[in-house]
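> Generate coordinates for the sequence data below:
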Amino acid sequence: GDVHRRQRSLINPTFRVKHIAAMLPIFLDLAADFADAWDELIESAAPAPPPGSRAARGMDIAIDREASKVTLDIIGRAGFAYEFNAVRNQSSPLYDAFTTVLGYNTLSVSRILTELVPFAKRLPVSSRVRYDASRKLIQDLVDGIILARQEELRAADASAKENDGGPIDLLSILIRANEESEEKISIDEVKAQVMTFLAAGHETTSVALSWTLHFLSKDQALQDRLRAELTAAFAPTTSARRPEVSYAALHAARLLDAVCKETLRLVAPVPMTTRHAAEDDVVDGVPVPRGTRLFICPGVAHRLVSIWGEDAEEYVPDRWLDGRAATATAGVEGFDEVATAPSTAPGQTATKPFGAYMPFLLGP
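Predicted coordinates for the structure are as follows:
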């Protein structure tokens, strides 16, 4: 409705290409910190190989947990100019709070009970108590971040722009856009959007990263191809761990683009979501009364043989390079732009944020 339209009109500009491109150094820097932390962990905790062995020092690492830490650090710095330091702080209360909240929101007996019996939320069940405490910790943090950012922006030079030394984090951009808009959103709506940024920019990204690393670990040839493409895209610097790369060059990395898309297709970070019918409607001949709760399952649509072919259950990034994906999704609402959007060559200006594959996150 009108509320959703007003919120979208303010939030969409925060994801303009110029803003995302300006954050690229943040992503690269924190990715390098992430790799350094792994090296230090392996060096300090992994057992040394036997004398005379040519094997490298190694150990088992819980990729899902570690990926969740780096994506929390990234959304903290890029989203709110806030340092969570989850990668370096192995006992972060904030990270534990996020883990509790996100874990509670997964399908469980207690979650089903509170959905079916609303008053069950008031029962002192241990999982609910931990959830409430963790959610309050996060909300208090969000309140503090918003207040601090508002004060900083008021104190800043009114003429400062994002590319002239002003803050470029998503929250600052959102606050400024809201102040300049004729249709402002309330402070409670800003808080809700920040919570959404934290969830959408943290856990879903870590899930996608974990699965991408998993698929790459099973295909050495694909690893080699992707490494060669990225090595060519990165400019040489004095630090191999912290190279430089332009947004246009990264956007033009077609195999990387295909790998990201195929991961999001095969393992949707949000495999199911819900919507409520605002009015009476008919979907594929089935009457849908107003107020009906609808379950939308991208995880099913992304694996349909009728759309993707006989290899729908297989991880095949090349389908995005040889035209098969474009052919498979032709006419399927929500997939057309993703399947056919060309990569931007170096020197050209990108028209949409690299990696913005919302149809795969939430379905068509």
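
> Does Ala278 lie in a helix or a strand, and which?
For Ala278, there is no helix or strand it lies in under DSSP states H and E.

> residues contacting Gln193?
Counting by Cβ atoms under 8 Å, 6 or more residues apart in numbering, Gln193 touches 7, 11, 174, 185. The C-beta positions use only the backbone N, C-alpha and C, and glycine is treated the same way.

> Just the ones in helices from the residues you listed, please.
Judged by DSSP state H, the subset of these located in helices is 7, 11, 174.

> how close does the second one sit to Glu40?
Here the distance between Ile11 and Glu40 works out to 38 Å (Cβ to Cβ, to the nearest Å).

> about what we covered before: looking at the ones in helices among the contacts of Gln193, spot the one nearest Ile296.
Gln7 (20.0 Å; Cβ to Cβ).

> what's around the closest residue to that closest one other than its chain neighbours, how many residues?
Among residues not flanking Gln7 along the chain, Ile185 sits closest, at 5.9 Å (Cβ to Cβ, 6 or more residues apart in numbering). Other residues lying near Ile185 total 19 when counted by other Cβ atoms under 10 Å.

> circling back to that earlier point, tell me which two in the contacts of Gln193 are the farthest apart.
Every pair of these checked by Cβ to Cβ; the farthest is Gln7 and Leu174, at 10.2 Å.

> Between these two, point out the one with more neighbours.
A side-by-side neighbour count of Gln7 and Leu174, using other Cβ under 10 Å, places Leu174 first with 22 against 17.

> Let me see the contact set for that one.
Applying Cβ under 8 Å, 6+ apart to Leu174 gives the contacts 10-11, 14, 190, 193.

> roughly how far apart are the residue most central in space within the chain and Trp211?
Residue closest to the average C-alpha location in the chain (Cα atoms, centre = their mean): Thr205, at 3.2 Å. Counting by Cβ to Cβ, the gap from Thr205 to Trp211 is 11 Å.

> Count the neighbours of Asp36 for me.
14.

> same thing with the one 4 residues further on?
Residues within reach of Glu40, counting by other Cβ under 10 Å, total 11.

> what distance separates the host helix or strand of it from the middle of the whole chain?
Using DSSP H and E, Glu40 sits in helix 24-45. Centre-to-centre, helix 24-45 and its host chain are 19 Å apart (Cα atoms, centre = their mean, to the nearest Å).

> Can you dump the C-alpha atoms of that helix in CSV for me?
In CSV, the C-alpha atoms belonging to helix 24-45 read as follows (Å, rounded to 0.1, in the frame of the first residue of the first chain):
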residue,chain,number,x,y,z
LEU,A,24,33.8,-1.7,-2.5
PRO,A,25,37.0,-0.9,-0.5
ILE,A,26,35.1,-1.8,2.7
PHE,A,27,34.2,-5.2,1.3
LEU,A,28,37.8,-5.9,0.1
ASP,A,29,39.4,-4.7,3.3
LEU,A,30,37.1,-6.9,5.6
ALA,A,31,37.5,-9.9,3.2
ALA,A,32,41.3,-9.5,3.7
ASP,A,33,40.9,-9.3,7.5
PHE,A,34,38.7,-12.5,7.3
ALA,A,35,41.5,-14.4,5.4
ASP,A,36,44.2,-13.1,7.8
ALA,A,37,42.1,-14.3,10.8
TRP,A,38,41.9,-17.8,9.2
ASP,A,39,45.6,-17.9,8.6
GLU,A,40,46.3,-16.9,12.2
LEU,A,41,43.8,-19.4,13.5
ILE,A,42,45.4,-22.2,11.5
GLU,A,43,48.9,-21.2,12.4
SER,A,44,48.1,-21.1,16.1
ALA,A,45,45.7,-24.0,16.5
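
> In stretch 58-66, which residues are buried?
By 16 or more other Cβ atoms under 10 Å, the buried positions in stretch 58-66 come out as 63, 66.

> what does stretch 294-302 give?
Going by neighbour count (16+ other Cβ under 10 Å), the buried part of stretch 294-302 is 296, 298-299, 301-302.

> Walking through the stretch 201-350 of the chain, point out its helices one by one.
203-217, 220-233, 247-251, 254-266, 298-301, 305-308, 324-328, 336-340 (DSSP state H, counting those that start in this stretch).

> Turn these into CSV, including mean pLDDT.
Shown next, in CSV, are the helices of the stretch 201-350 of the chain (pLDDT from 0 to 100):
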stretch, mean pLDDT
helix 203-217, 92
helix 220-233, 93
helix 247-251, 84
helix 254-266, 94
helix 298-301, 87
helix 305-308, 92
helix 324-328, 89
helix 336-340, 47
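
> Those helices: which one's closest to Ser127?
Minimum separation from Ser127 across those (Cβ to Cβ) falls at helix 203-217, 18.1 Å.

> could you give the angle of the closest one to helix 254-266?
Relative orientation of helix 203-217 versus helix 254-266 (axes from the mean of the first three to the mean of the last three Cα atoms, to 10 degrees): 110 degrees.

> next one: helix 203-217 to chain centre, how far?
That offset, for helix 203-217, works out to 11 Å (Cα atoms, centre = their mean).

> So which elements touch that helix?
Packing contacts for helix 203-217, counted by 3 or more Cβ pairs under 8 Å, 6 or more residues apart in numbering; DSSP states H and E, involve helix 63-74, helix 220-233, helix 254-266.

> Counting neighbours, which bits of it end up buried?
Those buried within helix 203-217 under the rule 16+ other Cβ under 10 Å are 203-212, 215-216.

> For the host helix or strand of Gly144, enumerate the helices and strands it packs against.
Here Gly144 sits within helix 126-155, counting by DSSP H and E. Applying 3+ Cβ pairs under 8 Å, 6+ apart, we find helix 126-155 packed against helix 93-104, helix 109-116, helix 170-180, helix 187-200.
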